[in-house]
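K.L.:
Using only what follows, build the 3D model:
(2 chains)
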Protein chains: 2
Amino acid sequence: MNTALTTNDFNQIVTGRRSIRKYDPNVKISRDEMTEILRKATLAPSSVNMQPWRFLIIESPKAKAILAPLARFNQSQVETSSAVIAIFGDLNSINNAEEIYGKAVELGFMPNEVKEMQLAAISAHYAQLTPELNRETVLIDSGLVSMQLMLVARAHGYDTNPIGGYEKDKVTEAFGLDPERYVPVMLISIGKAADSGYPSVRLPIDQVATWK
Amino acid sequence: MNTALTTNDFNQIVTGRRSIRKYDPNVKISRDEMTEILRKATLAPSSVNMQPWRFLIIESPKAKAILAPLARFNQSQVETSSAVIAIFGDLNSINNAEEIYGKAVELGFMPNEVKEMQLAAISAHYAQLTPELNRETVLIDSGLVSMQLMLVARAHGYDTNPIGGYEKDKVTEAFGLDPERYVPVMLISIGKAADSGYPSVRLPIDQVATWK
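P.N.:
Down below sits the predicted model:
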């Protein structure tokens, strides 16, 4: 079914990305392929490698029906995409510290004494971290993974649309996630493009950058 | 001087990225090349295309000397990199709405009536936007551009290290930026890698993703 061409052309992937709002509704992304897309997306870096990003792959008609009224300016994306990926940031990501750093030792990526030092430093860091700063960190890290996800999607022959205008808190609740723990970040629709989107303007670099 | 090889291999760029903390101190990135790197990075999407990202390219010995004590766990990056790029989010990014959408009309990307409708919608959106949500949006958008910047850097033959552990507020102040307007996001050191960094572990996808 899915005969999407893939590309490995970095320049084409980056410079050709546009927000695509209409997809071929007949194209589904298999769970294996989506897993591979997410695997590469999550090679993104994160603060102390805590990987606070969490993904809800909304693809069944039932799940899309729950989402649709909560993203009412984006009906075409919800209806025609292969999936809408809801990105959340996990405020309790430190719970995975032992697993992540333990695995690094197991794989020979770091000596155990480095792990112990780093975990002690991370615990100390989290102990003094304000809720605001924790929240800001998971938002930034989720931004990093979201960008890489949109680019990896293109390498797999798909396009995306990042969506910020939706009822964030209601989506969290509708899918049964703890709102005290999971911060809604954005939706990303993904599928096989059915139109070519629109080009968009960027500010000149001398207006956004200063050399010091 | 700068004889960095460049690559267009998307897979290699994404899967081979590691945080690099030590660079060849003799390699400088020209202003032209840095501008091109930023130009491609800023092709990232942003909420209503407001592009709230701002970049301080800290490259002179004088500017690095200001930064060094404020990033004291990252001395090697500050000392040996071609530059440290301080990313900020501009809370007043809506000031550029007319310019961005006007240019889109001028370039034939959208009809004037679409521009007028969109600017009206954007104004209404900002009028009801809480300061917290505005801040969250610029952090997410700055995360998007930061990821694309790190990947584009690799296409240009450079490597990076995203740095969250620095004295954010003091950096804003030290470089004379209005702290009410510019939100510090992260530092990204960039240069020609002088070592190969370390591999790092990622959580299995079934732990971070749920299909619905």
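K.L.:
Any residue of stretch A:15-24 touching chain B?
P.N.:
Yes: Stretch A:15-24 comes into contact with chain B (CB under 8 Å from any CB of the partner chain), by way of A:15, A:17, A:19. C-betas here are computed from N, CA, C, even on glycine.
K.L.:
out of those residues, which are inside helices?
P.N.:
Under the assignment DSSP state H, the residues of stretch A:15-24 next to chain B contribute A:Thr15 to helices.
K.L.:
In the residues of stretch A:15-24 next to chain B, which residue is surrounded by the most others?
P.N.:
Among the residues of stretch A:15-24 next to chain B, A:Arg17 has the most neighbours (other CB atoms under 10 Å in any protein chain shown), with 20 neighbours.
K.L.:
For that residue, what are phi and psi?
P.N.:
Main-chain dihedrals, A:Arg17, degrees, to the nearest 10: phi -70, psi 130.
K.L.:
you'd agree it is up against A:Arg154?
P.N.:
Yes: the pair A:Arg17 and A:Arg154 passes the contact test of CB atoms under 8 Å, sitting 6.0 Å apart.
K.L.:
tell me, what's touching the two both at once?
P.N.:
Residues touching both A:Arg17 and A:Arg154 (CB atoms under 8 Å, 6 or more residues apart in numbering or on different chains) are A:Thr160.
K.L.:
For the closest residue to A:Tyr23 other than its chain neighbours, give me the pLDDT.
P.N.:
Nearest residue to A:Tyr23, sequence neighbours excluded (CB to CB, 6 or more residues apart in numbering or on different chains): A:Gly191, at 3.1 Å. At A:Gly191, the model reports a pLDDT of 98.
K.L.:
quick one: A:Gly191 from A:Asp9, how far?
P.N.:
Computed as CB to CB, to the nearest Å, the A:Gly191 to A:Asp9 distance reads 20 Å.
K.L.:
With neighbour numbers in mind, choose between those two.
P.N.:
Taking A:Gly191 and A:Asp9 together and counting by other CB under 10 Å, A:Gly191 has the greater number of neighbours (26 against 14).
K.L.:
Tell me which residues touch that one, please.
P.N.:
Counted by CB under 8 Å, 6+ apart, A:Gly191 has contacts A:20, A:23-25, A:27, A:29, A:80-83, A:158-159.
K.L.:
how many other residues sit next to A:Ala68?
P.N.:
15.
K.L.:
for A:Ile87, helix, strand, or coil?
P.N.:
Under the three-state scheme (DSSP: H, G, I helix; E, B strand; the rest coil), A:Ile87 adopts strand.
K.L.:
what's near enough to touch the nearest residue to it once chain neighbours are set aside?
P.N.:
Of all residues not flanking A:Ile87 in the chain, A:Val185 sits nearest, at 4.2 Å (CB to CB, 6+ apart). A:Val185 sits next to A:53, A:87-89, A:138-139, A:142-143, A:146, B:140 when contact means CB under 8 Å, 6+ apart.
K.L.:
Please apply the same query to A:Phe175.
P.N.:
A:56, A:58, A:63, A:66, A:86, B:212.
K.L.:
Parallel or antiparallel, which strands does the longest strand anywhere in chain A pair with?
P.N.:
Looking across chain A with DSSP state E, the single longest strand is strand A:182-191. Partner strands and pairing direction for strand A:182-191 (DSSP bridges) are strand A:83-90 (antiparallel), strand A:159-163 (antiparallel).
K.L.:
Tabulate the ones you listed (JSON lines), appending mean pLDDT and mean neighbour count.
P.N.:
Below are those laid out as JSON lines (pLDDT from 0 to 100; neighbours: other CB atoms under 10 Å in any protein chain shown):
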{"stretch": "strand A:83-90", "mean pLDDT": "98", "mean neighbour count": "26"}
{"stretch": "strand A:159-163", "mean pLDDT": "98", "mean neighbour count": "24"}
